[in-house]
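[1] For reference, the sequence and a predicted model appear below.
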Amino acid sequence: MKKGCPYGTHRVISPKGVLPQPADVIDNTMEIYDNEVLIDVKTLNVDSASFTEIVRRSCDGKKPADIENSPEDQEKVKQTMMNIVAKAGKHKNPWTGSGGMLLGTVKEVGPNYVGELKVGDKIATLVSLSLTPLVIEEILEMRPTIDQVDIKGQAILFQSGIYGIIPDDMPEGLALSALDVAGAPAQAAKLCQSGQKILVIGGGGKSGLLCLYEAKKRAGVTGKVVCAAGSQKSEDRARALDLADEYFHMDATDAVGMYNKAMELTDGELFDVVINCVNIENTEMASILATKDDGVVYFFSMATSFTKAALGAEGVGKDVNMIVGNGYTKGHAAITLQCLREHEGLRKLFEEMYA
């Protein structure tokens, strides 16, 4: 059996010398190396920004919700996804660069793999599909509104790849939907402190709701947590769960409008922490302008442009600390699943929407 690099560089075809994530093409042969894990894949949970862009480009500008009952449009999306994997050996969106994660069952474990995984374990990979060797034999079902696609196929987990065992106390779909955004609430738990003013942009979505919960828990009674939703519907969703102190909805690309609303809600002080969870482009400046000098902006969204954020902050003279949306932080899976265990309403909503 061939020996593999812990980081999967042995799978890189082009360009040589890079890691699997930035690579253009990787080897998706499903014969494992000595330190790899082979997974029978059940579901792909595609990154929200990625799936939105795939649908837009495949279906003449439509949104995922628009193709829920359109087999013809879904077939176009399926073909786009199949083409991405056929070309790259992985599901790395060529327009957003992002991937998602998967749910599956361990089929084979390499003899030199170091870890506790065994054949038959049900796991969710917590590394991006944009670096995961993947074969899609067939796309069986698509759930566009929650970015999930059931497939017949296989994938490879590298030695360095992190994962979460699907817990016994919740359905697979529920755990998968939460673990897909595990980095967001876990980072919120690290960034938010007692007494702070915190804004979550995209607070009515999956990652946003979890961030609101963690932010409210960490800010305490002396802090202030505000939900900026993208629509009245998503605002009402968050409000019904009592996850924030203030709620409003606004187009997150309206930077000046967001700034004026932030000034109003903070008596001119702006926010200590702003967490961006939206899945559309051009929301960088709304986040930056809403943040006070020396405050923190956490860009969880994969639609974020580093160039727009960096040059935009410079252009308006804002001295803020900007954090890239790293989907991993220590304990992120445990923190995220615990959110659902602690908040009955949040868990019920996730079960209704995603499970």
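    Arrived safely, thanks for sending. None of the values given here were measured: they were computed from a predicted structure. Numbering: from 1, shown residues only.
[2] Only C-alpha atoms from now on, for both contacts and neighbour counts.
    Fine.
[3] Could you chop the chain up by domain?
    9-166, 182-354 (the TED database).
[4] Reformat those into TSV and put distance to residue 2 next to each item.
    Supplementary listing: those in TSV, determined by distance: least, Cα to Cα, whole Å:
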stretch	distance to residue 2
domain 9-166	5
domain 182-354	29
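[5] ok, which stretches of the stretch 151-300 of the chain are helices?
    For the stretch 151-300 of the chain, the helices defined by DSSP state H, counting those that start in this stretch cover 172-179, 183-191, 206-219, 232-240, 255-265, 284-289.
[6] Ok, which of the domains of the chain comes nearest residue 1?
    domain 9-166 (5.9 Å; Cα to Cα).
[7] the strands in the stretch 201-350 of the chain, which residues?
    All strands of the stretch 201-350 of the chain, identified by DSSP state E, counting those that start in this stretch, fall at 224-229, 246-249, 271-276, 291-299, 321-324.
[8] Could you look over these and pick the most buried one?
    Mean neighbour count (mean count of other Cα atoms under 10 Å) peaks for strand 271-276 among the strands of the stretch 201-350 of the chain, with a mean of 28.
[9] now that strand, how far from the centre of its chain.
    Distance, stretch centre to chain centre, for strand 271-276: 18 Å (Cα atoms, centre = their mean, to the nearest Å).
[10] cool, and stretch 134-153?
    On the basis of Cα atoms, centre = their mean, stretch 134-153 is displaced by 17 Å from the centre of the chain it belongs to.
[11] now swap in stretch 284-304 and tell me
    17 Å.
[12] That stretch: end-to-end distance?
    Terminal residues of stretch 284-304 lie 7 Å apart, using Cα to Cα, to the nearest Å.
[13] Just the mean pLDDT for that stretch, thanks.
    Averaging pLDDT along stretch 284-304 yields 95.
[14] now for the longest helix seen in the chain, which elements pack on it?
    Counting residues, the longest helix found in the chain (DSSP state H) is helix 71-88. The helices and strands touching helix 71-88, judged by 3 or more Cα pairs under 8 Å, 6 or more residues apart in numbering; DSSP states H and E, are strand 25-26, helix 48-58, strand 134-143.
[15] one more time with 6 Å, if that's ok
    Applying 3 or more Cα pairs under 6 Å, 6 or more residues apart in numbering; DSSP states H and E, one finds that helix 71-88 contacts no other helix or strand.
[16] Direction included, what does the very next helix or strand once past that helix pair against?
    Next in sequence after helix 71-88, counting helices and strands by DSSP states H and E, comes strand 100-109. Counting by DSSP bridges, the strands paired with strand 100-109 are strand 37-46 (antiparallel), strand 122-125 (antiparallel).
[17] Run the angle between strand 100-109 and helix 48-58 for me.
    110 degrees (axes from the mean of the first three to the mean of the last three Cα atoms, to 10 degrees).
[18] Alpha carbons only: can I get the helix or strand bottoming out on mean pLDDT in the chain in PDB?
    Sorted by mean pLDDT, DSSP states H and E, the helices and strands of the chain end with helix 172-179, the least confident at a mean of 89. Extracted in PDB, the C-alpha atoms of helix 172-179 (Å, rounded to 0.1, in the frame of the first residue of the first chain):
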ATOM      1  CA  GLU A 172     -28.300  12.800  11.000                       C
ATOM      2  CA  GLY A 173     -29.700  15.700   9.000                       C
ATOM      3  CA  LEU A 174     -29.900  17.900  12.100                       C
ATOM      4  CA  ALA A 175     -26.300  17.200  13.100                       C
ATOM      5  CA  LEU A 176     -25.100  17.700   9.500                       C
ATOM      6  CA  SER A 177     -26.800  21.000   9.100                       C
ATOM      7  CA  ALA A 178     -25.400  22.300  12.400                       C
ATOM      8  CA  LEU A 179     -21.800  20.900  11.900                       C
END
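[19] Give me the contacts around that helix.
    Residues outside helix 172-179 that contact it (Cα atoms under 6 Å, 6 or more residues apart in numbering): 351, 355.
[20] Report the angle between that helix and helix 206-219.
    60 degrees.
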